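**Student:** Coordinates only, no sequence provided:
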Ligand code: XMP
């Protein structure tokens, strides 16, 4: 395993990604990690970039014990400055040499050879720079192994120890040979093995779950019909069979025929022990009169836990044994989000399944958490799903938010409004699939804007609701751009929705990027 210590750069998780792409297992931890508290020994350590200057008060500094560990170290950008600064405080100059964008790096030759870090790479390569400070002196014992026009010390290495520093970012796609460089470090210099594969992961995870839960333990997990919960549930089923109990809570805001569809896939096809709880009336009654998006989200989250806890008690009464475990489909980006080194950040939206639920279930019901996907990125979860024989249509499904259509009906939620959004969404997604565009789009849905507009239908004046269509292209759901449908396609969708969804007289397409918009409406 290669350890990545995060100094707060927005690119840090990409280092982990690039390494896993070449089958080297890598984990990211915050820069505040103490070596003495680490339970495993890394084969190498990468220090990420970060938005600070090493001289700033509060700037992160790595536990010096990592430098005594005797494994190779690679500092990237801020990580390079951290290495240099540690050796001599005057090695870095602040703020005088901002450099953003492409640069040409030339690897230095030593007796005809470039350094091991650049082996097999083109001698002159394009690299991506993004930094404020830079090195002004070579730290003692180091030499330059690569330079650019503006950075004499763009890449340096210790002459005898395996300690490296680079000013550019090899983890971003703007550095085309960056993946190979990271491979040179991880495999060539650290000697990490390229054995991180999904089938190995499945075997290890099943054993881990069995050991954790023991021979009689019961696990309860909420499923939604989405990729993550389905894959997590299938893995649990493979590990402990029917001692894993899945629950689908119908909150009255699911997509068209979703409860039946989930029953078909999870219960009949995948053989998972599933209970569907129709709590739609309770949810819709509680949402009555509530217009505020955050209050809607909080109510749905809270109600969800109430219903889930009640089900846990029921299962215990029926089986005579305690439910001790709670399955959650947390993914690595959520983990990264919670462990990245950052200052206080503002809550934009209270996400349904990330904060809150687990804490309440653990505190209130004494449930312990199982998170089999917490080391995986979304596309790795998809790959895992494929290996567990889950149908491609499900594995490739767009994400769907926990609060469901409730946050796609603007303002107060009623059964009738949910019904309109649901029908429109079904038509829109169906047409996207027919046109062969589904896999090209990150996420798409129809929402209902209940502030009505005037129209004329069948020679009569109508005063009816507006449907908002949203579809986005995205890599990571952190930023997104509107999907560029053809005018013709959108007109066809609009015509069908107005004709087929009663109570709707207009259709609009949302052209907002994220930021400033978010992907969901509320
Ligand atoms: P936003 O609207 O924040 O959405 O740009 C980013 C991604 O998160 C999904 N989303 C949620 N997922 N529970 C979830 O499981 C939630 O409460 C929730 N809110 C938003 C959204 O669909 C998009 O994929």
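**Tutor:** Noted; the coordinates are in hand. Bear in mind the structure is a predicted one, so any value in this text is a computation, not a measurement.
**Student:** burial of residue 431, as a residue count?
**Tutor:** Residue 431 has 16 neighbours, counted by other CB atoms under 10 Å. Where C-beta positions appear, they are placed from N, C-alpha and C, glycine not excepted.
**Student:** Name the SS class of it, please.
**Tutor:** helix (DSSP: H, G, I helix; E, B strand; the rest coil).
**Student:** Provide a list of residues in contact with the residue nearest to it when sequence neighbours are not counted.
**Tutor:** Leaving aside its chain neighbours, residue 431 sits nearest to residue 493 (5.4 Å; criterion: CB to CB, 6 or more residues apart in numbering). For residue 493, the contact set (CB atoms under 8 Å, 6 or more residues apart in numbering) comprises 427-428, 431, 469, 507.
**Student:** and what of residue 155?
**Tutor:** Neighbouring residues of residue 155 by CB under 8 Å, 6+ apart: 105, 107, 115, 117-118, 144-147, 164-168.
**Student:** Scan those residues and report the most crowded one.
**Tutor:** Highest neighbour count within these: residue 167, with 33 neighbours (other CB under 10 Å).
**Student:** For that residue, give its distance to the ligand.
**Tutor:** Per CB to the nearest ligand atom, to the nearest Å, residue 167 is found 33 Å from the ligand.
**Student:** and if you look at residue 314?
**Tutor:** From residue 314 to the ligand the distance is 25 Å (CB to the nearest ligand atom).
**Student:** Please report how far the residue of the chain most remote from its centre lies from the ligand.
**Tutor:** Distance from the C-alpha centroid of the chain peaks at residue 459, with 49.8 Å (CA atoms, centre = their mean). Taking CB to the nearest ligand atom as the measure, residue 459 and the ligand are separated by 40 Å.
**Student:** Quick check: phi and psi at that residue.
**Tutor:** When read as degrees, to the nearest 10, the backbone of residue 459 gives phi 70, psi 10.
**Student:** Contact partners for it?
**Tutor:** Residues in contact with residue 459 (CB under 8 Å, 6+ apart): none are found.
**Student:** Tell me who's in contact with the residue nearest to the spatial centre of the chain.
**Tutor:** Residue closest to the mean C-alpha point of the chain, counted by CA atoms, centre = their mean, is residue 333 at 3.4 Å. Listed by CB under 8 Å, 6+ apart, the contact set of residue 333 reads 13, 377-378, 476.
**Student:** Between which two of the residues you listed is the distance greatest?
**Tutor:** 13 and 378 (11.9 Å; CB to CB).
**Student:** Which one's more surrounded, these two?
**Tutor:** For residue 13 versus residue 378, the count of surrounding residues by other CB under 10 Å is larger for residue 13: 22 against 17.
**Student:** rewinding a little: looking at the contacts of residue 155, which is nearest residue 200?
**Tutor:** residue 117 (27.9 Å).
**Student:** The residue nearest to residue 431 is in what secondary structure piece?
**Tutor:** Residue 493 belongs to helix 487-500 when assigned by DSSP states H and E.
**Student:** next helix or strand past that helix?
**Tutor:** Taking DSSP H and E, what comes next after helix 487-500 is strand 504-509.
**Student:** Report the separation between the nearest residue to residue 199 once chain neighbours are set aside and the ligand.
**Tutor:** Nearest-residue entry for residue 199: residue 387, 6.2 Å, with adjacent residues in sequence omitted and distances by CB to CB, 6+ apart. As judged by CB to the nearest ligand atom, residue 387 and the ligand stand 24 Å apart.
**Student:** Residue 387 contacts residue 200, correct?
**Tutor:** No. The pair residue 387 and residue 200 does not pass the contact test of CB atoms under 8 Å, sitting 10.7 Å apart.
**Student:** So for those two, which sits in the more crowded spot?
**Tutor:** Neighbours per residue (other CB under 10 Å) separate residue 387 from residue 200, with residue 387 holding more: 15 against 12.
**Student:** what secondary structure does residue 192 sit in?
**Tutor:** On the three-state scheme (three-state DSSP), residue 192 is labelled coil.
**Student:** Could you check how far it is from the ligand?
**Tutor:** Separation of residue 192 from the ligand (CB to the nearest ligand atom) stands at 33 Å.
**Student:** Pull the number of nearby residues for that residue.
**Tutor:** The number of residues packed near residue 192 is 24, by other CB under 10 Å.
**Student:** Repeat that for residue 187.
**Tutor:** Residues near residue 187, counting by other CB under 10 Å, number 19.
**Student:** before we move on, what about the one 3 residues further on?
**Tutor:** The burial count assigned to residue 190 is 22, neighbours taken as other CB under 10 Å.
**Student:** could you redo the contacts of residue 155 as TSV and give each row pLDDT?
**Tutor:** As requested, the contacts of residue 155 are exported to TSV (pLDDT from 0 to 100):
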residue	pLDDT
105	96
107	96
115	96
117	97
118	97
144	96
145	97
146	96
147	94
164	98
165	97
166	97
167	95
168	95
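**Student:** buried ones in stretch 117-134?
**Tutor:** For stretch 117-134, the neighbour count (16 or more other CB atoms under 10 Å) marks 117-118, 121, 125, 127-134 as buried.
**Student:** among the residues you listed, which are in strands?
**Tutor:** Under the assignment DSSP state E, the buried residues of stretch 117-134 contribute 125, 127-131, 134 to strands.
**Student:** could you show me where the helices are in the stretch 251-400 of the chain, in order?
**Tutor:** Taking DSSP state H, counting those that start in this stretch to define them, one finds helices in the stretch 251-400 of the chain at 258-262, 280-287, 293-319, 332-339, 357-365, 378-387, 392-395.
**Student:** Just the buried positions in the second one, please.
**Tutor:** Okay, so that is helix 280-287. 280, 282-284, 286-287.
**Student:** next one: that helix to chain centre, how far?
**Tutor:** Offset of helix 280-287 from its chain centre (CA atoms, centre = their mean, to the nearest Å): 30 Å.
**Student:** neighbouring contacts of it?
**Tutor:** Under CB under 8 Å, 6+ apart, the answer for helix 280-287 is 250-253, 296, 299-300, 303, 307, 406, 412-415, 418.
**Student:** try the last one
**Tutor:** Applying CB under 8 Å, 6+ apart, the external contacts of helix 392-395 come out as 227, 230-231, 265, 382, 385-386.
**Student:** Let me have the helices of the stretch 251-400 of the chain in JSON lines, extended by distance to residue 500.
**Tutor:** Below are these laid out as JSON lines (distance: least, CB to CB, whole Å):
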{"stretch": "helix 258-262", "distance to residue 500": "19"}
{"stretch": "helix 280-287", "distance to residue 500": "23"}
{"stretch": "helix 293-319", "distance to residue 500": "27"}
{"stretch": "helix 332-339", "distance to residue 500": "37"}
{"stretch": "helix 357-365", "distance to residue 500": "36"}
{"stretch": "helix 378-387", "distance to residue 500": "32"}
{"stretch": "helix 392-395", "distance to residue 500": "23"}
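**Student:** and these as JSON lines, adding mean pLDDT and distance to residue 20?
**Tutor:** Below are the helices of the stretch 251-400 of the chain laid out as JSON lines (pLDDT from 0 to 100; distance: least, CB to CB, whole Å):
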{"stretch": "helix 258-262", "mean pLDDT": "96", "distance to residue 20": "30"}
{"stretch": "helix 280-287", "mean pLDDT": "98", "distance to residue 20": "39"}
{"stretch": "helix 293-319", "mean pLDDT": "92", "distance to residue 20": "32"}
{"stretch": "helix 332-339", "mean pLDDT": "73", "distance to residue 20": "10"}
{"stretch": "helix 357-365", "mean pLDDT": "76", "distance to residue 20": "25"}
{"stretch": "helix 378-387", "mean pLDDT": "93", "distance to residue 20": "7"}
{"stretch": "helix 392-395", "mean pLDDT": "94", "distance to residue 20": "19"}
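**Student:** looking at those helices, which is closest to residue 80?
**Tutor:** Proximity to residue 80 (CB to CB) singles out helix 332-339 among the helices of the stretch 251-400 of the chain, at 22.2 Å.
**Student:** what separates stretch 485-492 from the chain centre, distance-wise?
**Tutor:** Chain-centre distance of stretch 485-492: 31 Å, with CA atoms, centre = their mean.
**Student:** Number the chain from 495, please
**Tutor:** Got it, first residue is 495 now, which makes that one stretch 979-986.
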